[in-house]
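Student: Kindly return the folded structure for what I paste below:
(chains A and B)
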There are 2 protein chains.
Amino acid sequence: MDLNVLFKITYGLYVVGAASGSKMNGYISNTVFQVTSDPPQFAVASHKNNYTTEIIKEGKAFAISILRQDYDPDIIGTFGYRSGRDMEKFANFTYKTGKTGAPVLLKDTAGWLECEVVNSFDLGTHILFIGNLVDCESIDDAVEPLTYNYYHAVKKGIAPRNSPTYIDPRKLKTFPPKV
Amino acid sequence: MDLNVLFKITYGLYVVGAASGSKMNGYISNTVFQVTSDPPQFAVASHKNNYTTEIIKEGKAFAISILRQDYDPDIIGTFGYRSGRDMEKFANFTYKTGKTGAPVLLKDTAGWLECEVVNSFDLGTHILFIGNLVDCESIDDAVEPLTYNYYHAVKKGIAPRNSPTYIDPRKLKTFPPKV
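Tutor: This next block holds a predicted model:
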């Protein structure tokens, strides 16, 4: 098996936010996708150890902010590599509270969606949350969204261990992978 | 709700193939995602009316061929807009039968994966199949994979009605959408 092929699967990069009571958090996800058209439903795969996963379960909602290609690297640093158990991630960035109560990151966001959780499936290490679209906005139709490929190839970013697409570099034929 | 934002979610484009007994078929999908890393599991959302969906259920496996950006438009025409109930789609293209028995399209493919179905979830109009990675190959590490955004923006392609990301143009603020 040549796992380098996995770098050919296309993803975007998103901040997934959730809130419940006094808890609020968000994390960086690349596994956000629409799974039905009628009604519009969206799936997000979240690691069971993520603090946000716990909050999505409790708050039964999530917000998805679509990052712009020209994003501030602090967003990835904060939402991707720090734990919300130790800090208030959204405090450093412009955001708003959506209809569901979930926090929507507005800084460097091309647009956002808000979903109410209607189902969740246990996939082992991750939970797949299925949400019904409740609200959405395109902040800037003309802006280029950040892709996972751009993040790898141009920004030299890597996937953290809790990502569904994390690959142990020792299992790759060639590293760094060509993307 | 401004549904134009949905065009900011990033996807690739794939041929998803399946076989069972004398049946063999494939269709074009953009909703192919890795959902866990350990073990590597992949999700595919398939419309219940798709002939391939029936065959994945029976054959309990699917193959994913990652299309190259410089694909032959006949691939989209055949796998995306015709029904395998009336024709043998793979007959016109180079393909091979994988370990699971699922057909792997090789023509204009940057790489492929093969998965054994370990779970499936009913999402209303679509079934979400979860598959364990059984085999994979990167045919060409250097080649650019086709993205859904490129298909829209450069090739002026649209999503067929059975796609999880189909949007009724009357519901859009601006059409054609900027992508």
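Student: Now for the nearest residue to A:Phe90 once chain neighbours are set aside: which residues touch it?
Tutor: In space, and not counting its chain neighbours, A:Phe90 is closest to A:Pro103: 5.2 Å by CB to CB, 6 or more residues apart in numbering or on different chains. Bear in mind the C-beta positions are built from the backbone N, C-alpha and C, glycine included. Counting by CB atoms under 8 Å, 6 or more residues apart in numbering or on different chains, A:Pro103 makes contact with A:17-19, A:24, A:26, A:63, A:90, A:95-97.
Student: quick one: A:Pro103 and chain B, what's the gap?
Tutor: Going from A:Pro103 to chain B by CB to the nearest CB, to the nearest Å gives 17 Å.
Student: Write down the beta-bridge partners of that residue, one by one.
Tutor: Beta-bridge partners for A:Pro103, by DSSP bridges, are A:Thr97.
Student: again, but for A:Leu67
Tutor: A:Thr109.
Student: What is the burial count for it?
Tutor: 25 (other CB atoms under 10 Å in any protein chain shown).
Student: now swap in A:Glu137 and tell me
Tutor: Counted with other CB under 10 Å, A:Glu137 comes out at 16.
Student: for it, helix, strand, or coil?
Tutor: Classification of A:Glu137 using DSSP: H, G, I helix; E, B strand; the rest coil returns strand.
Student: so what pLDDT did the residue lying closest to it once chain neighbours are set aside get?
Tutor: Closest residue in space to A:Glu137, ignoring its immediate chain neighbours: B:Asp2 at 5.2 Å, by CB to CB, 6+ apart. pLDDT for B:Asp2: 88.
Student: Could you pull out the buried residues of the helix or strand of chain A at the bottom of the mean pLDDT ranking?
Tutor: The weakest-scoring helix or strand in chain A, judged by mean pLDDT, DSSP states H and E, is helix A:148-153 (a mean of 85). Using 16 or more other CB atoms under 10 Å in any protein chain shown as the test for burial, helix A:148-153 gives A:148-152.
Student: Now narrow the residues you listed to whatever sits close to chain B.
Tutor: A:Tyr148 (CB under 8 Å from any CB of the partner chain).
Student: I'd like the buried residues of helix A:148-153 as TSV, with distance to A:Arg68 appended.
Tutor: Formatted as TSV, these follow (distance: CB to CB, whole Å):
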residue	distance to A:Arg68
A:Tyr148	14
A:Asn149	15
A:Tyr150	11
A:Tyr151	12
A:His152	17
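Student: re the thing from before, if we look at the least confident helix or strand of chain A, which residues are touching it?
Tutor: For helix A:148-153, using CB under 8 Å, 6+ apart, the contacting residues are A:7, A:10-13, A:30, A:69, A:76, A:157-158, A:165, A:177, A:179, B:10.
Student: go on, stretch A:166-175?
Tutor: A:2-4, A:6, A:159-160, B:37, B:138, B:141.
Student: mind running it again at 7 Å?
Tutor: Applying CB atoms under 7 Å, 6 or more residues apart in numbering or on different chains, the contact partners of stretch A:166-175 are A:2-4, A:6, A:159-160, B:37, B:141.
Student: Quick check, A:Glu58 in contact with A:Ser22.
Tutor: No. Applying CB atoms under 7 Å, one finds A:Glu58 not in contact with A:Ser22, separated by 11.1 Å.
Student: Which of the two has more residues huddled nearby?
Tutor: Neighbours were tallied for A:Glu58 and for A:Ser22 using other CB under 10 Å; the higher tally belongs to A:Glu58 (13 against 5).
Student: which non-adjacent residue is nearest the more buried one?
Tutor: In space, A:Glu58 is closest to A:Ser20, 3.7 Å off (CB to CB, 6+ apart).
Student: who does that neighbour bridge with?
Tutor: Bridge pairing for A:Ser20 - DSSP bridges - gives A:Lys23.
Student: Run through the residues that contact it.
Tutor: A:55, A:58-59.
Student: Let's see that with 10 Å instead.
Tutor: Residues near A:Ser20 by CB atoms under 10 Å, 6 or more residues apart in numbering or on different chains: A:54-61, A:101-102.
Student: now swap in A:Ile139 and tell me
Tutor: Applying CB under 10 Å, 6+ apart, the residues near A:Ile139 are A:65-66, A:68, A:106, A:108-112, B:2, B:5, B:8.
Student: try it again with 8 Å
Tutor: When contacts are counted by CB under 8 Å, 6+ apart, A:Ile139 touches A:106, A:109-112, B:5.
Student: Out of these, which end up buried?
Tutor: Buried among the contacts of A:Ile139 (16+ other CB under 10 Å): A:109-112, B:5.
Student: Return the member of the buried residues of helix A:148-153 nearest to B:Val118.
Tutor: Lowest distance from B:Val118 to the buried residues of helix A:148-153 (CB to CB) belongs to A:Tyr148, with 24.4 Å.
Student: leaving aside the residues next to it on the chain, what's closest to that closest one?
Tutor: A:Tyr11 (3.9 Å).
Student: What's the local residue count around the one you found?
Tutor: 26.
Student: any low-confidence regions in chain A?
Tutor: Along chain A, the parts satisfying pLDDT under 70 run over A:175-179.
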